[in-house]
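K.L.:
Give me a model of this one.
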Amino acid sequence: MTLILKNAIILDVKKQQKIQRSIVIDSDGNIQHVFSSNEIATYLDHSTETKVMDCEGYYISPGLINAHAHLFASGKPLNKKVNPTFLKLGYKLLSTKIGNFCVKNIMKRNALIELQNGVTTLRSLGEFFYQDVSLRDEFIQKKKGCTSIISCWLFFEHH
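P.N.:
Predicted coordinates for the structure are as follows:
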């Protein structure tokens with residue numbers, strides 16, 4: 001199915017102004033054309049199913065990339081020193097089956113928050129017990145709308 005976003009507001013960074021345009025998106029989610037809204041008849045493809053959405057008053061922007069994500073953390077600063085004994089105990093608890101379940105759900109919640117705020121690609125820098133890899137695979141399988149989660153693992157190896 002082809003999607004046409006009609007009358008959307010786009011920011012022209014070269015001219016530093018807002019412009020109203022329509023956008024044709026193909027069935028793979030790729031932008032095919034950006035055109036003046038009065039040219040819509042030219043881009044209606046009657047050979048395939050086409051959905052037209054009126055985006056009057058809405059901004060359209062490309063997906064954002066978070067190139068340094070720690071999905072286990074919420075992004076809020078941690079201003080407290082944590083006792084090393086508490087950290088060891090926490091790590092042991094997180095390494096259990098229930099702990100892994102909790103870690104993955106915290107990460108899923110944080111990934112969905114990012115997605116709702118315009119981030120379409122997350123580059124995870126390694127999470128507890130590789131739960132970021134598991135979450136990435138789940139998002140791909142269930143097509144959660146996240147373009148990608150790139151997992152860097154906990155450590156890089158040089159070969």
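K.L.:
pretty sure Ile25 contacts Thr2?
P.N.:
Yes: Ile25 lies in contact with Thr2 (C-beta atoms under 8 Å); the separation is 7.0 Å. All C-beta atoms are positioned from the backbone trio N, CA, C, and that covers glycine.
K.L.:
Now do the shared contacts for these two.
P.N.:
The contact sets of Ile25 and Thr2 overlap at Gln32 (C-beta atoms under 8 Å, 6 or more residues apart in numbering).
K.L.:
Quick one: residues contacting the closest residue to Gly118 other than its chain neighbours.
P.N.:
If the residues on either side of it in the chain are set aside, Gly118 comes closest to Leu64, at 4.8 Å by C-beta to C-beta, 6 or more residues apart in numbering. Shown in contact with Leu64 (C-beta under 8 Å, 6+ apart): Asn117, Gly118, Val119, Thr120, Thr121.
K.L.:
any idea which helix or strand comes after the strand or helix carrying Gln32?
P.N.:
Assigned by DSSP states H and E, Gln32 falls within strand 31-35. Next helix or strand after strand 31-35 toward the C-terminus (DSSP H and E): helix 40-43.
K.L.:
coming back round to it: please convert the buried members of the contacts of Leu64 into ChimeraX selection syntax.
P.N.:
A single ChimeraX command suffices to select whichever of the contacts of Leu64 are buried according to 16 or more other C-beta atoms under 10 Å:
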select :119,120,121
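K.L.:
Filter the contacts of Leu64 down to just the ones in strands.
P.N.:
Among those, the residues falling in strands (DSSP state E) are Val119, Thr120, Thr121.
K.L.:
Determine the number of other residues adjacent to the closest residue to the last one other than its chain neighbours.
P.N.:
This means Thr121. Closest residue to Thr121 apart from its sequence neighbours, by C-beta to C-beta, 6+ apart: Ile65 at 4.5 Å. The local packing of Ile65 (other C-beta atoms under 10 Å) involves 15 other residues.
K.L.:
For the residue positioned nearest the centre of the chain, which non-adjacent residue is spatially closest?
P.N.:
Among the residues of the chain, the one closest to the centroid is Thr120, at 2.4 Å (C-alpha atoms, centre = their mean). Leaving aside its sequence neighbours, Thr120 sits nearest to Gly63 (C-beta to C-beta, 6+ apart; 2.9 Å).
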